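**Student:** next come a sequence and a model predicted from it.
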Amino acid sequence: MSLPLFPVTTVGSWPRPPEVAEAMRAYRRRRIDRAELDRIADEAVIGTIAYDHPVITRESVAAQRRWAEISGADRIHYCGAYWGWGFHEDGCWSALRACERLRALEPAVKLGLAA
């Protein structure tokens, strides 16, 4: 079995314009080649957004350790994936921690998610 270096797949289903869905059917039936399928799919793209994963450095880890010093100052609380390793789960954990700080979400303590 030959896989690309970083094999990925979509999760769930994506709404596709009719011309892309038809091209996919035609490709599976070998009526068009991959280049034609890619051309049709590319033409259907309205726009793209590039996202970057946070870069974890010694400095960023040191800054993360100082969250308690700044979060809550002037009634401003901070949360986001960048307070962890940059994953969705880190964003959820960070939001629960901010809510706990506001005393708005006691379950964070019970779930072991609050720092």
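**Tutor:** Right, received. Where do you want to start? Residues are numbered from 1 along each chain as shown.
**Student:** tell me who's in contact with the residue nearest the centre of the chain.
**Tutor:** In the chain, the centroid-proximal residue (CA atoms, centre = their mean) is residue 88; its distance is 5.7 Å. Residue 88 makes contact with residue 81 under the criterion CB atoms under 8 Å, 6 or more residues apart in numbering. C-beta here means a position set from N, CA and C on the backbone, and glycine is covered the same way.
**Student:** what's the distance between residue 54 and residue 89?
**Tutor:** Separation of residue 54 from residue 89 (CB to CB, to the nearest Å) stands at 14 Å.
**Student:** show me where the protein has its helices.
**Tutor:** Applying DSSP state H to the chain gives helices spanning 18-28, 34-43, 58-64, 67-70, 88-102, 107-110.
**Student:** buried stuff in the longest one?
**Tutor:** Buried residues in helix 88-102, counting neighbours by 16 or more other CB atoms under 10 Å, are found at 90, 91, 93, 94, 95, 96, 97, 98, 99, 100, 101.
**Student:** what does stretch 47-54 contact?
**Tutor:** Contacts for stretch 47-54 (CB under 8 Å, 6+ apart): 60, 81, 82, 85, 86.
**Student:** now for those: which two are most distant?
**Tutor:** 60 and 81 (12.1 Å; CB to CB).
**Student:** export the contacts of stretch 47-54 to CSV and append columns for pLDDT and neighbour count.
**Tutor:** Shown next, in CSV, are those (pLDDT from 0 to 100; neighbours: other CB atoms under 10 Å):
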residue, pLDDT, neighbour count
60, 88, 14
81, 88, 18
82, 87, 18
85, 87, 13
86, 85, 17
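**Student:** which of those residues sits closest to residue 71?
**Tutor:** Among the contacts of stretch 47-54, and counting by CB to CB, the member closest to residue 71 is residue 82, at 12.7 Å.
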